[in-house]
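**Q** The sequence isn't on hand, but the structure is:
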């Protein structure tokens, strides 16, 4: 029973999608699809040639690892590291 006093109709739920994600039988390509794909491929080449983000991040990561290996990781605070402590020492 519905707490608001409305009648609830039970719905029948089917266990498949309406079109089941299959292409229709009458599928035809658009007339300019080859041109569209060529434009997209050119844009992809431009993005691949100009986008060096992954390479830069990889180089930065390697640099950080090398610095940690070379200099070590000192987690203990050092006296005089903060500006306030530097002012107190003067």
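**A** Received it, and whenever you're ready, just let me know what you need. Treat the numbers as computed from the prediction; the structure is a model and nothing was measured. Residues are numbered from 1 along each chain as shown.

**Q** Just the terminal-to-terminal distance for stretch 17-24.
**A** 14 Å (C-alpha to C-alpha, to the nearest Å).

**Q** what residue ranges in this structure score low on pLDDT?
**A** Along the chain, segments meeting pLDDT under 70 span 1-2, 8, 51, 73-90.

**Q** could you pull out the helices for it?
**A** Along the chain, counting by DSSP state H, helices occupy 33-50, 53-71, 83-89.

**Q** and the gap between residue 36 and residue 56?
**A** 32 Å (C-beta to C-beta, to the nearest Å). (Each C-beta comes from the backbone N, C-alpha and C, glycine too.)

**Q** Pipe the helices of the chain into CSV and attach mean neighbour count per row.
**A** Formatted as CSV, the helices of the chain follow (neighbours: other C-beta atoms under 10 Å):
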stretch, mean neighbour count
helix 33-50, 10
helix 53-71, 10
helix 83-89, 9
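
**Q** can you redo these as a markdown table with distance to residue 24?
**A** Formatted as a markdown table, the helices of the chain follow (distance: least, C-beta to C-beta, whole Å):
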| stretch | distance to residue 24 |
| --- | --- |
| helix 33-50 | 17 |
| helix 53-71 | 39 |
| helix 83-89 | 70 |
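
**Q** Quick one: closest of those helices to residue 21.
**A** For the helices of the chain, proximity to residue 21 was assessed by C-beta to C-beta; helix 33-50 is nearest, at 20.8 Å.
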